[in-house]
Structures are given as C-alpha cells and as structure tokens.
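Chemist: Provide a 3D model corresponding to the input given below.
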Amino acid sequence: MLWMTLTHLPTLISTYANQPFGFVSGAEGFIFLSALFTGRIYSLIAEQNGYPAMARQLWVRAVRLYAYHVILLGFAFVVVAHLAAAGNRPALHNLLDFYFAAPKQAVIYGALLIYRPPLLDILPMYITFLLLTPLALAGAKKVGWRPLLGAGLTLWLLAQFGLRQMAFDLVTRITGSGIPLSATGSFDLFAWQWMWLVGLYCGVRWSKNDLPVERWAKQLLAPALVIVPILLILRYSVGRGVELGIFEVWFDKWHLGAVRIVNFAAIAALLVQFQSLMKALAVRPLVNLGQASLQVFCAHLLFCFIGLAILGDATVVNGWHETMLVTTTFVGLFLTSRIFAKKEQKHANRPILGAGRPIPQFGD
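Modeler: Numbers count the residues shown, from 1 in each chain. As a prediction, the model looks like this:
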C-alpha cells in the first residue's frame with residue numbers, strides 16, 4: 001500500500017519509488033497477494049459449504065468492490081472533472097480525456113468496467129478476476145490445475161503477441177464502439193490473468209497445507225541471488241546508456257513481460273528465504289494497512305487526485321507542497337486503516353464452519 005502510494009503521488013519521490021527493486025512494481029504484489037488469499041479463503045469455504053456457497057460469497061465480495069469503484073468513478077467524473085475543466089490542470093484533464101470527449105459513453109462504459117482511466121484501472125481488473133474465480137476453482141476441482149494453468153499460460157503467451165489488440169479490433173467492428181483502446185486501461189487482462197491464476201493455485205495448495213514454499217525458496221536461492229542483482233543493475237542502467245531495443249517487450253509492465261515474472265519469482269524467493277528479517281516490519285500500523293487494504297487503496301487514490309489538483313501545470317509537486325502532500329496522505333491512510341482494521345480483524349477471526357481455524361483476509 002505504501003509503495004503504491006509513493007509511486008502514484010505526483011511528487012519527486014515517485015521517481016525513486018517506481019520499481020526500486022528491479023523490474024517489479026507494486027501491482028504484481030497487489031494482484032498476486034490478492035489471488036493468494038482469495039484462493040486460500042474461498043477454497044476452504046468451498047470445501048466446507050460447497051461451491052455454490054463459495055461462488056455466492058465471492059460474487060458478493062466482487063459487488064462490494066464494484067461499489068467502491070463506482071464511488072471513485074463518480075468522484076472522478078464530478079469533482080475531478082470539474083477541477084480539470086478549469087483548464088489550468090492538464091494532468092487532471094489527461095486523466096479523464098475520454099470522459100471530456102464523450103461523457104455519456106464514459107459513464108456507461110465506466111459502469112461496465114470497460115472505460116478504465118489511469119489510476120482507476122487496477123480495481124476493475126481485480127473485480128473481473130474475482131468474478132471469474134468461481135469458474136476457475138470449479139474447473140480446477142473437475143479437471144485439475146494442470147490444464148487450467150496450461151490454458152492461462154497459453155493466454156499469457158498470446159497476449160505477448162498482441163491478443164488484446166486483436167480482440168479489441170474484433171469487438172469494435174462487431175459493436176461499433178467508439179472507445180479507444182487507450183481508454184480501456186493500461187493492464188492487459190489476457191496477460192495479467194496468469195499472475196492471478198498462479199496466485200489462486202498457490203492459495204488453494206496453502207489451504208490444504210500443501211504449499212512447500214520454504215523448500216521452493218531454498219531451491220531457487222542460488223539463481224535468485226544472481227538474477228535479482230543483475231536485473232536491479234539493468235533496471236537503473238536503462239535510459240542511462242543502456243537501451244532494451246527489441247527486447248523491451250520482455251520487460252513490459254502492462255503486458256507482464258517474461259522478465260518481470262522471473263524477477264518477481266526471484267524476489268519472492270529471497271523474501272521467503274529471509275522472512276525472519278521481514279518479520280520486523282510486522283508492526284501494528286503496517287498490519288492495519290494490510291487488514292484494511294481495500295479501504296486504504298481507495299483512500300490513496302483520493303490523495304492522488306488531490307496531488308494532481310495541486311500539481312497544476314507543473315511537472316511534479318515539490319518543495320513544501322510535496323512535504324505537506326506526502327505527510328497528509330500518510331496520516332490519512334493510517335487513520336483510514338485504524339478505522340477499518342478492527343472491523344476487518346473481527347471478520348478475519350470468524351472461523352469457517354468445521355474448519356477450526358480463522359481465515360486471513362486481504363482486501364475484503
């Protein structure tokens with residue numbers, strides 16, 4: 001949450017917070033962890049109460065997330081658009097360029113999760129994956145995970161060769177939709193579904209106490225110790241005398257390039273291997289952020305809008321404005337987490353019928 005906030009706020013800090021550990025962003029962690037806990041929680045629910053009950057609970061959760069997203073969209077279309085219309089805040093205007101070009105279409109497509117403005121595009125992807133998760137879990141129960149993961153990997157591979165553009169062109173010809181591809185969000189869902197699917201798979205195995213993550217991390221330790229520093233050096237070399245050229249697609253964030261998956265796996269292996277050091281970060285304020293992650297995520301977007309409003313026609317917010325913006329944002333996020341964390345913790349401690357153990361929650 002803190003990493004994503006520092007990346008999204010339009011300050012000088014964003015330059016350093018954006019992918020500081022290599023070719024990995026907060027988005028990969030957000031999607032993978034969400035899928036991991038979703039797989040664990042809802043596979044236990046399916047085991048105890050059946051797949052129809054699990055699907056109902058997942059869809060209720062998706063509706064809840066959708067309500068949050070609609071509120072954020074409404075705020076953007078009413079408040080942010082009003083500020084942007086003044087003409088002296090180009091960053092805000094660029095955020096809602098399709099809305100200004102076709103407001104009625106923007107409202108309809110936004111409600112349908114098709115129009116996804118910048119900053120408001122990861123939550124619709126999350127909602128879409130949640131809606132499809134009951135099918136994935138039921139399919140894995142019926143035919144096993146290997147065919148499902150194979151299909152997901154195939155989709156990811158096709159995404160690297162332009163599946164999204166081809167699908168968009170086909171739908172546009174059939175429906176006559178006037179929305180540009182750029183207005184449908186930066187993330188390629190055909191590619192990012194692979195990250196979600198792998199997270200679900202790990203979560204389901206975790207629910208069965210069959211996720212040997214320590215052993216896996218130990219096996220990957222040696223290659224990870226080589227991969228992580230090499231990609232870290234390359235990350236800071238790009239644009240400083242080093243160009244990726246034809247290999248840039250392998251590093252592309254929006255299509256989840258192959259190097260990013262390798263980088264993410266290598267960093268994950270190191271984090272698991274040295275998890276005893278990471279436990280020092282499990283202080284109450286940070287734990288609260290995790291327990292109220294959905295509310296904190298929505299709150300951080302509001303502060304990003306405020307930052308873009310302060311930005312005006314400048315490149316970044318700096319000086320005392322930057323200090324005030326970052327300080328106010330962090331105070332706001334920690335207050336938000338403190339308000340909602342107790343409620344989420346109470347919900348998390350409620351055991352599944354017959355399971356005899358509490359369910360950890362993430363983003364719910």
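Chemist: My guess is residue 123 contacts residue 69. True?
Modeler: Yes: in this structure residue 123 lies within contact range of residue 69 using CB atoms under 8 Å: 4.9 Å. All C-beta spots, glycine's among them, are computed from the backbone N, C-alpha and C.
Chemist: Please identify which of those two sits among more neighbours.
Modeler: Just comparing residue 123 and residue 69: by other CB atoms under 10 Å the higher neighbour count belongs to residue 123, 24 against 20.
Chemist: Confirm that that one sits in a helix.
Modeler: Yes: counting by DSSP: H, G, I helix; E, B strand; the rest coil, residue 123 is located in a helix.
Chemist: That one and residue 67: what is the separation?
Modeler: For residue 123, the distance to residue 67 (CB to CB, to the nearest Å) stands at 11 Å.
Chemist: Kindly report the same for residue 126.
Modeler: From residue 126 to residue 67 the distance is 13 Å (CB to CB).
Chemist: Looking at those two, which is more packed in?
Modeler: Per other CB under 10 Å, whichever of residue 126 and residue 67 has more neighbours is residue 126, with 24 against 10.
Chemist: buried sites along the helix or strand where the more buried one lies?
Modeler: Using DSSP states H and E, residue 126 sits in helix 122-143. Residues 122-134, 136-137, 140 are the ones in helix 122-143 that count as buried (16 or more other CB atoms under 10 Å).
Chemist: And for stretch 225-241?
Modeler: 227-228, 231-232, 234-235.
Chemist: how distant is it from the center of its chain?
Modeler: Put simply, stretch 225-241 sits 24 Å off its chain's centre (CA atoms, centre = their mean, to the nearest Å).
Chemist: Report the backbone C-alpha coordinates of it in PDB.
Modeler: Extracted in PDB, the C-alpha atoms of stretch 225-241 (Å, rounded to 0.1, in the frame of the first residue of the first chain):
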ATOM      1  CA  LEU A 225      21.000 -14.300  -5.800                       C
ATOM      2  CA  VAL A 226      22.200 -14.000  -9.300                       C
ATOM      3  CA  ILE A 227      19.000 -12.800 -11.100                       C
ATOM      4  CA  VAL A 228      18.000 -10.100  -8.600                       C
ATOM      5  CA  PRO A 229      21.200  -8.000  -8.600                       C
ATOM      6  CA  ILE A 230      21.700  -8.400 -12.400                       C
ATOM      7  CA  LEU A 231      18.100  -7.100 -13.100                       C
ATOM      8  CA  LEU A 232      18.500  -4.400 -10.400                       C
ATOM      9  CA  ILE A 233      21.600  -3.100 -12.100                       C
ATOM     10  CA  LEU A 234      19.900  -3.300 -15.500                       C
ATOM     11  CA  ARG A 235      16.800  -1.500 -14.200                       C
ATOM     12  CA  TYR A 236      18.900   1.500 -13.300                       C
ATOM     13  CA  SER A 237      21.000   1.300 -16.400                       C
ATOM     14  CA  VAL A 238      18.100   1.600 -18.800                       C
ATOM     15  CA  GLY A 239      18.000   5.100 -20.100                       C
ATOM     16  CA  ARG A 240      21.500   5.800 -18.800                       C
ATOM     17  CA  GLY A 241      23.400   4.500 -21.800                       C
END
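Chemist: For residue 113, which non-adjacent residue is spatially closest?
Modeler: residue 124 (4.2 Å; CB to CB, 6 or more residues apart in numbering).
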